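Trainee: Sequence first, then the predicted structure, then my questions.
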Amino acid sequence: MSPKTLYDKIWDAHLAHEADDGTCLLYIDRHLVHEVTSPQAFEGLRMTNRKVRAPEKTIAVPDHNVPTTLDRANAATMTEDSRVQVEALDKNAKDFGIHYYPVSDVRQGIVHIVGPEQGWTLPGMTVVCGDSHTATHGAFGALAHGIGTSEVEHVLATQTLIQKKSKNMKVEITGKLKPGVTAKDITMAVIGKTGTAGGTGFVIEYCGEAIRDLSMEGRMTVCNMAIEGGARAGLIAPDQTTYDYCMGRPHAPKGAQWEAALDWWKTLYSDDDAAWDEIITIKGEDIAPLVTWGTSPEDVLPITATVPAATDFDGGKVDAAQRSLDYMGLTPGMALSDIEIDTVFIGSCTNGRIEDLRAAAEVLKGKKIKVKRAMVVPGSGLVRAQAEEEGLADIFKEAGFEWRLAGCSMCLAMNPDQLKEGERCASTSNRNFEGRQGYKGRTHLVSPGMAAAAALTGKLTDVRDLM
Ligand SMILES: CC(C)[C@H](C(=O)O)[C@@H](O)C(=O)O
Ligand code: SF4
């Protein structure tokens, strides 16, 4: 047998049909659904009198539009558009008989946090969702693709996805990370190196000692941002860390089925002599705590650096860099650590898991924030409950953070949590595009520890100075 990458193995195991032009039909094991990209898909089924092909493999949860304040059960806190989308999901879930975690359920949260938490996402699976950050699930060694609304309809109706095979890229992070450096810094460092288009046409497998050393939470953070690097998916081969995370989850296999699953999962790695179309290597010890200065996730610099000048960039990027600097209101040459922040957001499918909250709480313990507004939005109701049990919620509240209910929140301006014009935010989310967190809002992407540090000083701050 010819050697294969992990991607090749999962692909081959799910290939239902291949046409002469290379167009393939992949079988889909899990279809995750949220309120924004699904209403028309369900409407399409209704209009043609079709059912959901595999309701037992289809899981829905509202997350993007839902308010995160304690009074959210009161629909008046939602805009009309949001209310319509969430109500449509309530109805569609019921009418089509799919698994559903409504807003009132403690298990509700961001779809990419709920799926793994409930044991829906498992190694070797194909996972899709009408959402680009579906890449997150690759942390389990699952082939996870973000899809568009017409594809959502196709998967609902057929449980298959039309795809062309991507190329294989290996991203190796060698050695150990330095203190204060996290999974978020790894994934930002990769995008800083490859650029937002570097992954185009590829599925990336992350490997190396620094990746192996990460918890599942950290691995999800890394794969989450594969999409910001342009990749079709991100993957990490499953190992004992993965099995330990999955074991005992509500929808993970049990008993003999667990043993059988484990036998298959243990075959899920890239063979030593597998062929790679591209290989990128970064030394773990070279990665510093990073921040973004511009309006693209590739605009990363170590917190110890200064704001660049547009002329520092190659011809093609000069105009974009100037526009970024103007939008962000920054002067070249100023220290990144002198940039004043008015809002801090800790949450999102990148960094809204329990370990992220622990990392932020560690920095905040016994201290008070200096920023105007800071909020922690746990990625799910269960993350929230666990953080309360561990005393993290008290640390956040005593420091001056708002302690919210689960949802996408200020990761994107689709719900009431938004930046005002000109406001500047240190955010643990994954996109710093213009207007992403609110009209004319300014976003600096950072790790949870760095977000906490910024909250304490009122400026972008090197978390290592507070450790
Ligand atoms: C709303 C949704 C389609 C979108 C995505 O696909 O990623 C959102 O989750 C985002 O992060 O921008
Ligand atoms: S948390 Fe942000 S990135 Fe993740 S799904 Fe929600 S809006 Fe998209």
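Mentor: Cool, got the structure. Numbers count the residues shown, from 1 in each chain. Ligands and ions are numbered 1, 2, ... in the order given.

Trainee: ok, now which ones touch whichever residue of the stretch 101-250 of the chain sits closest to ligand 2?
Mentor: Shortest the stretch 101-250 of the chain-to-ligand 2 distance, computed as Cβ to the nearest ligand atom: residue-wise this is H133, at 4.5 Å. C-betas here are computed from N, CA, C, even on glycine. Shown in contact with H133 (Cβ atoms under 8 Å, 6 or more residues apart in numbering): 112, 146, 224, 227, 349-350, 430.

Trainee: my read is it is in a helix, agree?
Mentor: Yes. H133: assigned to a helix according to DSSP: H, G, I helix; E, B strand; the rest coil.

Trainee: Can you report how many residues neighbour D312?
Mentor: When neighbours are defined as other Cβ atoms under 10 Å, D312 has 11 of them.

Trainee: I'd guessed it sits against Q322; true?
Mentor: No. Under the criterion of Cβ atoms under 8 Å, D312 makes no contact with Q322, lying 10.9 Å away.

Trainee: buried ones in the top helix by length along the chain?
Mentor: Longest helix of the chain, by residue count under DSSP state H: helix 80-96. By neighbour count on 16 or more other Cβ atoms under 10 Å, the buried set for helix 80-96 is 82, 85-86, 88-90, 92-93, 96.

Trainee: give me phi/psi at the residue lying closest to G130 once chain neighbours are set aside?
Mentor: Here the nearest residue to G130 in space, its sequence neighbours aside, is T37; by Cβ to Cβ, 6 or more residues apart in numbering that works out to 3.1 Å. The phi/psi pair for T37 (degrees, to the nearest 10) reads phi -100, psi 10.

Trainee: Can you tell me, leaving aside adjacent residues, what's nearest to the closest residue to ligand 2 within the stretch 251-400 of the chain?
Mentor: With Cβ to the nearest ligand atom as the measure, C349 is the residue of the stretch 251-400 of the chain nearest to ligand 2, at 3.3 Å. Distance criterion Cβ to Cβ, 6+ apart; nearest residue to C349, sequence neighbours excluded, is H112 at 4.0 Å.

Trainee: which SS state does the one you found fall under?
Mentor: helix.

Trainee: Give the burial count for it, as a bare number.
Mentor: Neighbour count for H112, taken as other Cβ under 10 Å: 34.

Trainee: same thing with A54?
Mentor: Other residues lying near A54 total 17 when counted by other Cβ under 10 Å.

Trainee: so what's it up against?
Mentor: Residues counted as contacts of A54 (Cβ under 8 Å, 6+ apart) are 31, 159.

Trainee: Can you list phi and psi of it for me?
Mentor: A54 adopts backbone torsions of phi -130, psi 80, taken as degrees, to the nearest 10.

Trainee: any idea how far it is from ligand 1?
Mentor: Applying Cβ to the nearest ligand atom, to the nearest Å, the value for A54 to ligand 1 is 22 Å.

Trainee: so how far is F96 from that residue?
Mentor: Between A54 and F96 the computed distance is 11 Å (Cβ to Cβ, to the nearest Å).

Trainee: swap in K165?
Mentor: Remark: distance between K165 and F96 (Cβ to Cβ) = 31 Å.

Trainee: What of E228?
Mentor: Relative to F96, E228 is positioned 32 Å away (criterion: Cβ to Cβ).

Trainee: what ranges do the helices span in the stretch 351-467 of the chain?
Mentor: For the stretch 351-467 of the chain, the helices defined by DSSP state H, counting those that start in this stretch occupy 354-364, 381-389, 392-399, 448-457.

Trainee: So which bits of this protein are right by ligand 1?
Mentor: Residues of the chain lying close to ligand 1 by Cβ under 6 Å from any ligand atom are 36-37, 64, 131-133, 146, 412.

Trainee: one more time with 5 Å, if that's ok
Mentor: Within the chain, the positions adjacent to ligand 1 are 36, 131-132 by Cβ under 5 Å from any ligand atom.

Trainee: Can you lay out those as TSV showing neighbour count and pLDDT?
Mentor: Formatted as TSV, the residues of the chain next to ligand 1 follow (neighbours: other Cβ atoms under 10 Å; pLDDT from 0 to 100):
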residue	neighbour count	pLDDT
V36	21	98
D131	26	98
S132	18	98
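
Trainee: Looking at those residues, spot the one nearest M467.
Mentor: S132 (33.3 Å; Cβ to Cβ).

Trainee: okay, now the residue lying closest to C24 once chain neighbours are set aside: neighbour count?
Mentor: Spatial nearest neighbour of C24, chain neighbours left out: E18 (4.9 Å); criterion: Cβ to Cβ, 6+ apart. E18 sits with 13 neighbouring residues when counted by other Cβ under 10 Å.

Trainee: you'd agree S150 is in a helix?
Mentor: Yes. According to three-state DSSP, S150 belongs to a helix.

Trainee: Appreciated, that's everything.
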